[in-house]
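Colleague: what follows is a predicted structure for the sequence shown.
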Amino acid sequence: MSIAIKVENLSKKYIIQHEKKSANYETLSESLIQGGKNVANRIIHPFRKTNNLTQTEEEFWALKDINFEINQGDKVGIIGRNGAGKSTLLKVLSRITEPTSGKIHINGRIASLLEVGTGFHPELTGRENIFLNGAILGMSRKEIKLKFDEIVAFAEVEKFLDTPVKRYSSGMYVRLAFAVAAHLESDILVIDEILAVGDAEFQKKCLGKMDEVSKAGRTVLFVSHNMGTINALCNNGILLSSGQKLAFDTVKKVIDQYMKQSFIASRHTYTNKKPIDSKAKANIIEASVLNSERQATSSLFIDKVAYITIIWQLKVSVPFLRVGIEIIDSAGVVVVSSMDTDATNLQGKPRSPGIFHETMEIPPFLIMPNTYTIRVFAGIPRIERIMEVDDLLSFEMIDNQSHLSHVGSAHRVGYIATPLLWDVKFTSA
């Protein structure tokens, strides 16, 4: 199998300037801004010289000694926390910025979509920008014409095709930019998490196209914080941290390592460190998200059972009390709402003051891959709510090579992941 991308000892250094050095040549706007700063400094520090300010510089290595090889047709997810160097790596590979040191060997043409309107000229129309992007990729006018109708249909911007793109909304920008990058005959498709700008339906459409592109033998590099999407789309993964490569392996192994390291500080556990509110009738003491092995974690797998545990204190006797847990998706939609009175032995019974340890089970294949937060509340239905805590916990549900992986869970709409029963009868013609 031929190598599409080979990276050797790649590093990228930036110089962070903490004070602007006076330059020999400045634009009018720079001069006005600096003049305003000088006036302000004279008022604040009347005896300090403001001319020729001393400049302090700091080296920042966005990438440091990165090495890897990507084979033709691979689908590689690049993951890591904010500031890990993911976008910088894509910019260097796309030749938008030069590396400080190291070598990059690229076999084929690269199409990049790193931010809204990448490669678009705002004064040109959508039609003109399609041909411009194709020319930048080294394609002939004939090649672009062959793909033109597909691009327009995919982007759904027919009515605005001859409108300057500076008048496009961010969603229209993304649709057209992705359509151009995905349909023109590049060998390597590089996409940052810009797809988050588009609506949910278009994101699913894009993921389907990226899967189609990879099956055609083209290489895909994809940056995302959505582990479910990375897991569904990619076969390999690269994990970055502080500009260094921590792992390059199968996507499952890389995601597992990322989850173990990156979600330690997330809100999969909660401990109330504040003084208990003496006026409140109830207080949360502790809470946790647990995986199938009863370990606290922010990563839950769709084909495994999981648990939400809460420890709370009730200070007064309350009749008909119910404690509820709501699971809320990244769009703010409550996808699951459950109460502890679902356990029939609690229905209609009063609660006495004391400490309660409660566990809610999340069965396998209940909710779709996504990021979720937990709200906990307690009260008497339609009468009184004595406790409510928003965003108490958070977790991510991941499609971990489950049955749904093979039937397109990442491309389904809706909130519920439970496979439903089907009765299929066949009669030969």
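Modeller: Cool, got the structure.
Colleague: got a list of what the most centrally placed residue in the chain touches?
Modeller: The centroid of the chain falls nearest to His225 when counting by CA atoms, centre = their mean (2.8 Å). His225 sits next to Ile79, Glu193 when contact means CB atoms under 8 Å, 6 or more residues apart in numbering. Placement of C-beta: from N, CA and C, glycine included.
Colleague: how close does it get to Ile78?
Modeller: Distance of His225 to Ile78, computed by CB to CB, to the nearest Å: 11 Å.
Colleague: secondary structure element holding Lys205?
Modeller: helix 200-215 (DSSP states H and E).
Colleague: who does that helix touch, helix- and strand-wise?
Modeller: strand 75-79, helix 170-183, strand 188-191, strand 219-223, helix 227-233 (3 or more CB pairs under 8 Å, 6 or more residues apart in numbering; DSSP states H and E).
Colleague: can you tell me which of those is packed in deepest?
Modeller: Comparing the helices and strands packed on helix 200-215 by mean neighbour count (mean count of other CB atoms under 10 Å), strand 75-79 comes out on top with a mean of 26.
Colleague: just to revisit the earlier point, just so I know, which of the helices and strands packed on helix 200-215 lies nearest Ala280?
Modeller: helix 227-233 (36.5 Å; CB to CB).
Colleague: now the angle from the very next helix or strand once past the closest one to strand 75-79?
Modeller: Using DSSP H and E, the helix or strand that directly follows helix 227-233 along the chain is strand 236-241. Going by axes from the mean of the first three to the mean of the last three CA atoms, to 10 degrees, strand 236-241 is angled at 20 degrees with respect to strand 75-79.
Colleague: got a list of contacts for strand 236-241?
Modeller: With CB under 8 Å, 6+ apart as the criterion, strand 236-241 contacts 68, 70, 74-81, 84-86, 89, 230, 245-251, 253-255, 257-258, 261.
Colleague: only alpha carbons, please: show it as CSV.
Modeller: What follows is strand 236-241, C-alpha atoms only, in CSV (Å, rounded to 0.1, in the frame of the first residue of the first chain):
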residue,chain,number,x,y,z
ASN,A,236,-6.8,5.1,12.7
GLY,A,237,-6.2,7.9,15.1
ILE,A,238,-3.5,10.4,16.2
LEU,A,239,-3.5,11.7,19.8
LEU,A,240,-1.8,15.0,20.4
SER,A,241,-1.0,16.7,23.7
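Colleague: got the contact list for whichever strand or helix holds Glu150?
Modeller: Under the criterion of DSSP H and E, Glu150 resides in helix 141-155. For helix 141-155, the external contacting residues (CB under 8 Å, 6+ apart) are 126, 130-131, 134-135, 158, 161, 172, 175-176, 178-180, 182-185, 205, 209.
Colleague: just the buried ones from the contacts of strand 236-241, in PyMOL syntax?
Modeller: Applying 16 or more other CB atoms under 10 Å to these, the buried members can be selected in PyMOL as follows:
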select buried, resi 70+74+75+76+77+78+79+80+81+84+85+86+89+230+245+246+247+248+251+254+255+257+258
